[in-house]
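S.K.: Predicted coordinates and the sequence they were generated for:
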Amino acid sequence: MAPKHIDDDVYTPESDQVIVLHDISWKQYSAVLDMLGDTHPGVRTHYLEGVLEIMSPSEKHEGIKTMLARLVEIYAVERTIELNGFGQATYRRRVKERGLEPDECYFIGRKKRFPDIAFEVVLSHGIIDRLAIYQGLGVREVWLWRRGAFEIHRLTKAGYKRRDRSRFLPELDFTVLATLVQAKDQTQAIREFRDSLRARS
């Protein structure tokens, strides 16, 4: 089946480019990962039960995810939290037919099979339910950036439930972060965030 292009508009720094492939076996998915890893290291994939999205993230996408990572990491340093980041590492679970590369991901304390926290910037209207992938992997908390705000999803026995705060970083104010991740001057915004954390210590 020919790939379906989700975003066929002329490329801009604001738009992710996404294609969707159907009826993709696990073997074919693994082959695509091998190919992309060698030639297109910045490309992200989302795989769910035979459906594969391949995304080339936009400048806006990369700016938001990088800024969030910088903010979260300085927060962890200032609050002496044992936070270990693994960026866009690929996580897969064959028995569940799921796999992806988060925009950013973190372990609290020791490294485990799957991250404690995953972060995704959602700018394009893809087909795959990313939370369904994360649930199959057992990722305990997913932060989505969508429509200019954060959504915090915490894994429960009944699936993901929306929360206002992170279980792992309960004092982190996502309303403040929503403003900071869009700052034009990243360095200045990070300095101001660091100074505000120190003032509240």
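M.R.: Great, that's in hand.
S.K.: and the helix or strand where residue 118 lies, what other elements does it pack with?
M.R.: Following DSSP states H and E, one finds residue 118 within strand 117-121. The contact analysis (3 or more CB pairs under 8 Å, 6 or more residues apart in numbering; DSSP states H and E) places strand 117-121 against helix 59-78, strand 104-108, strand 141-146. For the C-beta atoms, the positions are set from N, CA and C on the backbone; glycine is no exception.
S.K.: Let me have the ones you listed in CSV, extended by distance to residue 34.
M.R.: Conversion of those to CSV gives the following (distance: least, CB to CB, whole Å):
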stretch, distance to residue 34
helix 59-78, 23
strand 104-108, 21
strand 141-146, 26
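S.K.: If we ignore the residues flanking it in sequence, what's nearest residue 152?
M.R.: Spatial nearest neighbour of residue 152, chain neighbours left out: residue 163 (4.7 Å); criterion: CB to CB, 6 or more residues apart in numbering.
S.K.: So what's the residue count around residue 71?
M.R.: Counted with other CB atoms under 10 Å, residues neighbouring residue 71 total 21.
S.K.: need the contact list for it.
M.R.: 177, 180, 181, 190, 193 (CB atoms under 8 Å, 6 or more residues apart in numbering).
S.K.: Check what pLDDT it gets.
M.R.: Here, the pLDDT recorded for residue 71 equals 97.
S.K.: Residue 182 and residue 64 touch, don't they?
M.R.: Yes: taking CB atoms under 8 Å as the definition, residue 182 is a contact partner of residue 64 at 7.2 Å.
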